[in-house]
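>>> Kindly generate the corresponding structure for this input.
(2 chains)
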Amino acid sequence: AQSVTQLGSHVSVSEGALVLLRCNYSSSVPPYLFWYVQYPNQGLQLLLKYTSAATLVKGINGFEAEFKKSETSFHLTKPSAHMSDAAEYFCAVSPPGYSTLTFGKGTMLLVSP
Amino acid sequence: NAGVTQTPKFQVLKTGQSMTLQCAQDMNHEYMSWYRQDPGMGLRLIHYSVGAGITDQGEVPNGYNVSRSTTEDFPLRLLSAAPSQTSVYFCASRRDRVTDTQYFGPGTRLTVL
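Residues are numbered from 1 along each chain as shown, chains lettered A, B, ... in the order given. This next block holds a predicted model:
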């Protein structure tokens, strides 16, 4: 069965600092991978997705993620954090041939001035 | 387009009561799904549908029923509410394939006393 592990339930950064949110997957074949963001009291919004094309994926709001098969990882990064990036971030996985997504437990990003 | 809409926004039930959470989308999406979100647990799939008349169980289906009589609507029924069903419920839809962007509704916060 597929699963994702997000390391760290909370990550704190200063405004302007690098953002790194970690996601590792467990799947017998390279899966499709997604990052979603949830702002307070809202639904989830897709940030970016890996669908077996380019391994470096660029998303909205300056975020990007790199698929590394050897490390079974899909970490999310942003060079410079902004206060508006404070939210909860979810990694999700779906192996090829599946129609459902499995979500990680989420990482809350806190940004301080 | 209104996107994915959910009603009600908030609901309080007593143990044993039944109710239906409504979900509608106006994007002509084939795939719709219901998730529940609990603190520290991420999102867990309850039921999903790949088209009108077709539904299937997700990870946590017990205590919930669904039907899909039209493309637009995908209601979630709680047959006999239990305190363990206190959660935030999200409906989502996407055009078809798992790599299509999935859109989430704003959520329904349910409390069962």
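>>> pLDDT wise, what is the residue of chain A at minimum distance from chain B at?
Using Cβ to the nearest Cβ, the single residue of chain A nearest to chain B is residue A:43, 3.3 Å away. Bear in mind the C-beta positions are built from the backbone N, C-alpha and C, glycine included. Note for residue A:43: predicted pLDDT of 92.
>>> One more: residue A:1?
67.
>>> ok, now the one 4 residues further on?
Residue A:5 is assigned 96 on the pLDDT scale.
>>> Also the one 5 residues further on?
pLDDT recorded at residue A:10 is 96.
>>> so the closest residue to it other than its chain neighbours is in which element?
Nearest non-adjacent residue to residue A:10, counting by Cβ to Cβ, 6 or more residues apart in numbering or on different chains: residue A:108, 4.8 Å away. Take DSSP states H and E as the rule and residue A:108 turns out to sit in strand A:107-112.
>>> Now that strand: buried residues?
Neighbour counts using 16 or more other Cβ atoms under 10 Å in any protein chain shown place A:107, A:109, A:111 of strand A:107-112 among the buried residues.
>>> Neighbouring strands of it in the sheet, and parallel or not?
Pairing partners of strand A:107-112, with direction, according to DSSP bridges: strand A:10-14 (parallel), strand A:87-94 (antiparallel).
>>> Start and end of stretch A:62-77, how far apart?
End-to-end span of stretch A:62-77 (Cα to Cα, to the nearest Å): 9 Å.
>>> can you pull the buried residues of that stretch?
For stretch A:62-77, the neighbour count (16+ other Cβ under 10 Å) marks A:63, A:64, A:65, A:67, A:72, A:73, A:74, A:75, A:76 as buried.
>>> can you check stretch A:75-94 too?
For stretch A:75-94, burial by neighbour count (16+ other Cβ under 10 Å) applies to A:75-76, A:78, A:81, A:85-94.
>>> So for the strand holding residue A:108, mean pLDDT?
Average pLDDT, strand A:107-112: 97.
>>> Name the residue of chain B with the shortest distance to chain A.
residue B:104 (3.3 Å).
>>> So what does residue A:84 look like in phi/psi?
phi -70, psi -10 (degrees, to the nearest 10).
>>> No further queries at this time; thank you.
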